[in-house]
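Student: Provide a 3D model corresponding to the input given below.
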Amino acid sequence: MSAMVELSLEGLLEGADAQLELSEQASRMSGEAGRILLPSGALGKLPESDEIRSVSEQRAAGAADALDAVRECMDILASALKDTVEDFSNVEALVAEAFDRMRGDS
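Tutor: A predicted model of the protein is given here:
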C-alpha cells in the first residue's frame, strides 16, 4: 500500500516568508550583539579589567557570528522551500502536458 502525500504550495510559500522574517530578525540582532561593548574604564581599576573587557568583546563577537549563521540557515531554508514549490509546479505542469498528449489534446 502506498502512502499519499499532499502538499500545500501556499503553505510552503508562507513557510518561506516566515523563514525570511526570522532571517531579518537574526540579522538585526547580530548587528546589535556586535555593538555590545564595555566602555573603557567601566570596570574601574580592577587588575582584571582588561581581561574581562576582552572576554566580553569576544563573546559579543561570537554571538554576532552565531546570529549570522542562524540568518544564513534561515535564508537557505526559505530558498529550499521556494525551490520545492517551483519544482512541484513544474512537475504538475509536465504531468498535465503528458496526459494531454496521451489523450490527443496537444
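
Student: hey, let's count contacts and neighbours off CA atoms from now on
Tutor: Noted.

Student: what pLDDT does the model give the residue nearest the centre of the chain?
Tutor: For the chain, the residue nearest the mean C-alpha position is Met74 (0.7 Å; Cα atoms, centre = their mean). pLDDT recorded at Met74 is 97.

Student: do the one 10 residues further on as well
Tutor: pLDDT for Thr84: 93.

Student: give me the distance from the one helix or strand it maps to to the chain's centre.
Tutor: Thr84 belongs to helix 49-103 when assigned by DSSP states H and E. Here helix 49-103 is found 4 Å from its chain centre; the criterion is Cα atoms, centre = their mean, to the nearest Å.

Student: coming back round to it: report the contact partners of the residue nearest to the centre of the chain.
Tutor: 19-20, 22-23 (Cα atoms under 8 Å, 6 or more residues apart in numbering).

Student: then Leu67?
Tutor: 26-27, 29-30.

Student: so where is the protein shaky, pLDDT-wise?
Tutor: Applying pLDDT under 70 to the chain flags residues 1, 105-106.

Student: let's see it at 90
Tutor: Applying pLDDT under 90 to the chain flags residues 1-7, 33-57, 88-89, 91-106.

Student: next, count neighbours for Leu46.
Tutor: Using other Cα atoms under 10 Å, Leu46 is surrounded by 11 other residues.

Student: tell me which element it is part of?
Tutor: Assigned by DSSP H and E, Leu46 falls outside every helix and strand.

Student: now it: how far from Ser40?
Tutor: 12 Å (Cα to Cα, to the nearest Å).

Student: excluding chain neighbours, give the residue nearest to Glu57 in space.
Tutor: Leu37 (6.0 Å; Cα to Cα, 6 or more residues apart in numbering).

Student: ok, now Leu38?
Tutor: Arg53 (6.3 Å).

Student: thought the one you found was touching Gly41?
Tutor: No: taking contacts as Cα atoms under 8 Å, Arg53 lies outside contact range of Gly41: 9.5 Å.
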